[in-house]
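> Fold the following.
(4 chains)
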2 protein chains.
Amino acid sequence: MKNAPDLSAQIAKSIRDAIVSGDLDVGERLPSEAELSDQFSVSRSTVREALKRLAAQSLIRTQRGATGGAFVNRLRFEDAYGQQITTSALLLSMNAVDFTTACEARFALERACAPLSAARRTADHLATMRAEITRQSQPGLSDESFCASDVAFHRALVDGAGNPVLSYQLAGAVEAIEPLMNMITFTARSRDHIIKLHTQITDALDAQDAAKVSDLLQELADYTADLGCHVADQKPMKP
Amino acid sequence: MKNAPDLSAQIAKSIRDAIVSGDLDVGERLPSEAELSDQFSVSRSTVREALKRLAAQSLIRTQRGATGGAFVNRLRFEDAYGQQITTSALLLSMNAVDFTTACEARFALERACAPLSAARRTADHLATMRAEITRQSQPGLSDESFCASDVAFHRALVDGAGNPVLSYQLAGAVEAIEPLMNMITFTARSRDHIIKLHTQITDALDAQDAAKVSDLLQELADYTADLGCHVADQKPMKP
DNA sequence: CATTTTTCATTTGTCAGACATTTAAATGTC
DNA sequence: GACATTTAAATGTCTGACAAATGAAAAATG
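Next up is the predicted model:
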């Protein structure tokens, strides 16, 4: 019944707690592997396995050489994006989340950014969005490239809110369903419709018309869900 | 210039890619450590370090014994919550995100759930919310307990949307700022105000009045930001 | 034959020691 | 002082060994 965790897991938890509680500061150097083996009374291999666990979570980085060692890593938003996206994508595929649910979550979160983005978007954000619209209009663009541009467009919209926490949270939601989106075959007509909505959204953001942005996003959400519904009907993921 | 990653990191990436791409199915057993050392032409220790990295991300679980080994783990939403919350909390503290920004993100996301929750909340969700309101009304409740109950209340609100992806995303946003909220000293009067808003929100959800829920959440957001602004002024985290 | 017990092979967890590699500081040389 | 060399400290990797868990096969038992 008892499920005693491995020593390496225990040690990892111990160090992780020290980092989360602020007992270990960002940039601070941990004791060397040899010292840690002494402190915890385990072998160096066990300590190393613990450190690898922490490294996998980007909590520490290691450096070789005389002044090397393991250092508490400053967790940056950009670093966390990747893990967030990977985790979200796995959650969707492994739990057979259907396209409709994923889509609903994505656009609900995105609409949450709309008012903030309407108020704060810079000329830079608008320029990025218009550039992506131009890319999306190119004939002969593959479905994958179209989706990638779509992600970039929405990313700019979210970043326009000027809140890094929101950008981080949305990264998972927006990018994780890209694989699902990629399964959609975009006809020329559906592309035209999406591009038209993208243009209207950009214009509304330009005019700082939050309500209109919100409405247009809702329309885009409904349209996208509609496009993807037969994809989801067939199978959640993976043939 | 070249930054050759460790062998264990390379091997971890290799196996991780196989999992993400669906090359390795959920529940499938990986080759034994000895076999993997042969396949990758490295020592068993190196393979083990790679496996520990994957275990830290909940991608695999290991089991001892004759039929044991490393198995591809089904990543569950509940498992991902914890990591999500830890990561979000670290991001906030390590990047000196101020209370206002975190609060803004949190309530923006929560308002995104309001329409869905108004439409779908069950009697169960409403009951949980009213139970937490009762707890919050108890005199002599510590600030920490008040905050914990606050989190539970909002958790129920979000869960009411009936979208696991939203619940997962929100878990990070709502729970990660609990440490920041805990720094606020809640006077009896501010508690009364918050409880009043919670009651009104619950009533509006009961009546399925999405617009009203949204407005009330906005009011709560403004009030909370106001309460916390002097806390943020002093210092981002940690005394 | 059915059931229980024992043995056994397999696999992960841990340890100890060795050597290779990297890195910066200390030292030596001009 | 500038440059080359040595050295010490640290992580990265390998090897071999044993402990512990665990399910399956073999053996003993009724």
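
> Okay, domains of chain A per the record?
Per the record, chain A has its domains at A:7-72, A:77-234, by automatic domain parsing.

> Mean pLDDT lowest where, among those domains?
In terms of mean pLDDT, the lowest-scoring of the domains of chain A is domain A:77-234 (a mean of 88).

> circling back to that earlier point, can you tell which of the domains of chain A is closest to DNA strand C?
Nearest of the domains of chain A to DNA strand C, taken as Cβ to the nearest atom of the strand: domain A:7-72 at 2.1 Å. Every residue, glycine included, has its C-beta placed from N, CA and C.

> Check the separation of the first and last residues in that closest one.
End-to-end distance of domain A:7-72 (Cα to Cα, to the nearest Å): 21 Å.

> Next: stretch A:89-99.
12 Å.

> Could you list the buried residues of it?
A:89, A:90, A:91, A:92, A:93, A:94, A:95, A:97, A:98, A:99 (16 or more other Cβ atoms under 10 Å in any protein chain shown).

> Which one of these is nearest to residue A:42?
The shortest approach to residue A:42 among the buried residues of stretch A:89-99 belongs to residue A:90, at 31.4 Å (Cβ to Cβ).

> before we move on, back to that, just the closest of the buried residues of stretch A:89-99 to residue A:69, please.
The shortest approach to residue A:69 among the buried residues of stretch A:89-99 belongs to residue A:90, at 32.0 Å (Cβ to Cβ).

> Kindly confirm my reading that that closest one is in a helix.
Yes. When DSSP: H, G, I helix; E, B strand; the rest coil is applied, residue A:90 is found to be in a helix.

> Skipping adjacent residues, who's closest to it in space?
What sits nearest to residue A:90 in space, not counting adjacent residues and going by Cβ to Cβ, 6 or more residues apart in numbering or on different chains, is residue B:75, at 4.9 Å.

> near DNA strand C, which residues of chain A show up?
Neighbours of DNA strand C within chain A, by Cβ under 7 Å from any atom of the strand: A:6-8, A:41-46, A:49, A:63-68.

> Among those residues, which are located in helices?
Cross-referencing the residues of chain A next to DNA strand C against helices under DSSP state H gives A:7, A:8, A:44, A:45, A:46, A:49.

> Please pick the buried ones from those residues.
By 16+ other Cβ under 10 Å, these give A:7, A:8, A:46, A:49 as buried.

> wait, the first one sits on residue A:46?
Looking back up the chat, that one is residue A:7. Yes. In this structure, residue A:7 is within contact of residue A:46 by Cβ atoms under 8 Å, at 5.2 Å.

> what residues are shared contacts of those two?
Jointly contacting residue A:7 and residue A:46 under the rule Cβ atoms under 8 Å, 6 or more residues apart in numbering or on different chains are residue A:40.

> what separates stretch A:175-183 from the chain centre, distance-wise?
Taking Cα atoms, centre = their mean, to the nearest Å, the mean C-alpha location of stretch A:175-183 is offset from the chain mean by 12 Å.

> quick one, helices of chain A?
A:7-20, A:33-40, A:44-56, A:77-94, A:99-120, A:123-137, A:143-159, A:164-176, A:178-181, A:188-206, A:210-234.

> what does the fourth one contact?
In this case it means helix A:77-94. A:57-58, A:97, A:102, A:164, A:167-168, A:171-173, A:175-177, A:179-180, A:236-238, B:19-20, B:22, B:26, B:57, B:59, B:74-75, B:77, B:80, B:83-84, B:87, B:91, B:95, B:165, B:168.

> Kindly recompute the last result at 6 Å.
Under the criterion Cβ atoms under 6 Å, 6 or more residues apart in numbering or on different chains, residues A:58, A:102, A:164, A:168, A:171-172, A:175-176, A:237, B:26, B:74-75, B:80, B:87, B:91 lie in contact with helix A:77-94.

> Restricted to buried residues, select those in PyMOL.
Buried residues within the contacts of helix A:77-94, by 16+ other Cβ under 10 Å, are selected in PyMOL with:
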select buried, (chain A and resi 58+102+164+168+171+172+175+176+237) or (chain B and resi 75+80+87+91)
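
> Report the two of the contacts of helix A:77-94 separated the most.
The span of these, defined through Cβ to Cβ, is set by A:164 and B:26 at 33.3 Å.
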